[in-house]
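Trainee: Sharing a sequence plus its predicted fold:
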Amino acid sequence: NGRNDEELPSPKAPSFLAVNKNTGKVVWRDNSPGEGILNGQWSSPALGLVDGVQQAFYAGGDGWLYGFHARTGERLWKFDLNPKSISPRDRNYGISTPVFNEGKLLMSAGQDPDSGSGPGAAYSINPAKRGDITESGRVWQYEKINRSISTAAVGNGLAFFSDIDGILHCLDVQTGKPYWTFDVKSPVWGSPLLADGKVYLGDEDGDLAVFRANSKLEKPSTLPVASSSHDV
């Protein structure tokens, strides 16, 4: 669901569906964002087992992250992806995919890249809470990041977030403590990938930066590829 020329044609249309994978039959649906959709909705959902309950995590186009009982569609909680300091006009929403890691959710917020740069935020969230968990479920909040459409990469006790301006942020996954940042000098639409102790990040210039996945910054090696790496 989304807006067309600033109008939301179908505010009551379902924004999130669960279907039977064998038959395609709709099992449950939800339209929690309703008229609050800011632009469009592009985030992919994720799943996680939390205290014995299989949850489905969904980033709505209204700037809230939602947690549902995956079987029944019961909405268990919601979390505002915008810090209180941000103006209503500058509200971000989730474009990246929520990452479930060791019982916590990692998520960054941003906007359609056509909206340009601006302030963003990244979070660690406890999905075991219920109701509006913007305060009670916030494990940590990191605001020294610009708008991001990239899914986090997690490993070695670290979380790596990239933003639209081309800066890679390395944080402690448990506390959100920032260790380092690196500017690849080109916009980033893709997501970092962590494998074999290295972090790979493609940029719009068509270069692939390769970092060591540790808390001390080492200058990355750079590999040119044939075209822009939006899909890395």
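Mentor: That came in fine, so what should we check first?
Trainee: Report pLDDT for the closest residue to Asp90 other than its chain neighbours.
Mentor: Nearest residue to Asp90, sequence neighbours excluded (CB to CB, 6 or more residues apart in numbering): Gly118, at 6.0 Å. Glycine gets a C-beta too; all of them are placed from N, C-alpha and C. Here, the pLDDT recorded for Gly118 equals 94.
Trainee: From Asp112, how far off is Gly118?
Mentor: 11 Å (CB to CB, to the nearest Å).
Trainee: ok, now which ones touch the closest residue to Val173 other than its chain neighbours?
Mentor: Leaving aside its sequence neighbours, Val173 sits nearest to Ala159 (CB to CB, 6+ apart; 4.3 Å). Contact analysis of Ala159 by CB atoms under 8 Å, 6 or more residues apart in numbering lists 106, 122, 124, 152-153, 170-173.
Trainee: Filter those down to the buried ones, ChimeraX style.
Mentor: Applied in ChimeraX, the following selects the buried portion of these according to 16 or more other CB atoms under 10 Å:
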select :106,122,124,152,153,170,171,173
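Trainee: what number of residues lie near Ala18?
Mentor: 18 (other CB atoms under 10 Å).
Trainee: partners of the least confident helix or strand in the chain by mean pLDDT in the sheet?
Mentor: Every helix and strand in the chain was compared by mean pLDDT, DSSP states H and E; the lowest is strand 221-224, with a mean of 92. If you go by DSSP bridges, strand 221-224 pairs up with strand 207-212 (antiparallel).
Trainee: ok, and for the strand it pairs with, which residues are buried?
Mentor: By neighbour count on 16+ other CB under 10 Å, the buried set for strand 207-212 is 207-209, 211.
Trainee: Give me the mean pLDDT for that strand.
Mentor: For strand 207-212, the mean confidence score works out to 96.
Trainee: quick thing: my sequence starts at 12, can you match it?
Mentor: Shifting the count to begin at 12 puts that one at strand 218-223.
Trainee: now the contacts of Ala170 in CSV, with distance to Gly35, pLDDT and secondary structure?
Mentor: Below are the contacts of Ala170 laid out as CSV (distance: CB to CB, whole Å; pLDDT from 0 to 100; DSSP: H, G, I helix; E, B strand; the rest coil):
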residue, distance to Gly35, pLDDT, secondary structure
Leu117, 31, 98, strand
Ala133, 35, 98, strand
Ser135, 35, 98, strand
Ala163, 31, 98, coil
Ala164, 33, 98, strand
Cys181, 42, 98, strand
Leu182, 40, 98, strand
Asp183, 43, 98, strand
Val184, 37, 98, coil
